[in-house]
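> Sequence first, predicted coordinates after that:
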Amino acid sequence: MPQKGPPRSFDPLPRRAPSADEPVTVNVRSLPPDVIVPPHRHPWAQLAYPIRGAIRICAAGMAWIVPPNRAVWIPPEIDHDVTVLGPVELRTLYIASAAAPLPLDACTVVDVSPLLRSLGEAIAEGRGDARHHLMMQLALEEMRIARPLSLGLPLPDDRRLKTLCDALMADPADNRGLAEWAEQVGASERTLARLFKSELGSSFGAWRQQLRLAKAVDEISRGVPMAQVAAAVGYASQAAFSAMFTRALGVPPSRFGGD
């Protein structure tokens with residue numbers, strides 16, 4: 001089997017922009033596995049969600065792993081990049097700024113309701129008639145009331161902290177403590193603890209748990225057995241993992257299963 005190389009750059013053109021007359025457009029994408037859509041920005045807002053596979057979006061100093069039926073809201077003029085995690089069927093809803101149903105100053109992750117998912121498919125096939133206009137208005141309302149999810153992961157600027165965080169993102173099951181990481185990245189344990197608070201607004205343990213939650217949601221959405229998911233994020237037992245997950249997100253891991 002050939003050795004897997006680094007992700008290659010990919011730009012999914014063309015993009016169909018929204019307008020005052022058509023405030024919501026839907027771009028249907030079939031993305032090849034393990035590619036990166038390089039940093040870019042739009043003058044409109046965007047709601048991106050996979051219907052198969054998962055993506056990682058980095059924007060505004062945060063990273064989100066987005067499985068099926070979850071979406072990232074990205075306001076206008078915010079640089080963002082997309083990493084494709086396996087083969088992905090992606091929908092990107094572009095929304096005119098004047099019609100934006102979610103805040104224009106912050107990214108967030110939201111639930112994609114079955115109705116919004118169906119509307120996205122229908123709008124993509126629309127022809128600009130009165131029914132199409134009504135579907136766009138209903139889609140905007142579904143976005144407005146969508147349930148927000150705490151799946152964002154703040155990213156650091158400090159070189160030493162970035163080395164640590166990148167290593168954990170590559171292997172969330174790594175259970176080394178901050179003292180052990182301090183030896184590897186060339187900073188004291190106290191310095192790393194201070195950097196987590198000052199740069200990421202979090203403790204080391206809380207940041208790692210958030211990373212593990214994001215990774216777990218991705219794995220569950222792919223249909224990975226729960227025991228394997230637990231091991232992939234550093235838990236020796238499925239029961240301990242399920243308890244942590246439910247305590248953190250308020251719902252059991254099974255809630256995040258894909259279709």
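Sure, I can see it.

> low-scoring pLDDT stretches of the stretch 101-250 of the chain, where are they?
150 (pLDDT under 70).

> those helices in it, which residues are they?
Ranges of helices in the stretch 101-250 of the chain, per DSSP state H, counting those that start in this stretch, are 114-124, 130-144, 159-170, 178-185, 189-200, 204-221, 226-232, 238-249.

> Would you format those helices as TSV with mean neighbour count and distance to residue 84 included?
The C-beta positions use only the backbone N, C-alpha and C, and glycine is treated the same way. Formatted as TSV, the helices of the stretch 101-250 of the chain follow (neighbours: other Cβ atoms under 10 Å; distance: least, Cβ to Cβ, whole Å):
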stretch	mean neighbour count	distance to residue 84
helix 114-124	17	19
helix 130-144	16	23
helix 159-170	17	16
helix 178-185	15	29
helix 189-200	16	25
helix 204-221	21	12
helix 226-232	18	19
helix 238-249	16	24
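
> of all the ones you listed, which lies closest to residue 43?
Among the helices of the stretch 101-250 of the chain, the nearest to residue 43 by Cβ to Cβ is helix 130-144 (17.9 Å).

> Contacts for the closest one, please.
Helix 130-144 is contacted by residues 22-24, 47, 73, 93, 95, 99, 101-102, 110, 113, 115-116, 119-120, 122-123, 126 when judged by Cβ atoms under 8 Å, 6 or more residues apart in numbering.

> before we move on, back to that, could you save the helices of the stretch 101-250 of the chain as TSV and add columns showing distance to residue 10?
Listed next are these as TSV, based on distance: least, Cβ to Cβ, whole Å:
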stretch	distance to residue 10
helix 114-124	21
helix 130-144	26
helix 159-170	20
helix 178-185	31
helix 189-200	29
helix 204-221	19
helix 226-232	26
helix 238-249	31
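
> what's the closest of these to residue 42?
Set against residue 42 and scored by Cβ to Cβ, the helices of the stretch 101-250 of the chain come closest in helix 130-144, at 16.2 Å.

> relative to helix 114-124, how tilted is the closest one?
Orientation of helix 130-144 against helix 114-124 (axes from the mean of the first three to the mean of the last three Cα atoms, to 10 degrees) gives an angle of 140 degrees.

> Perfect, I'm done here.
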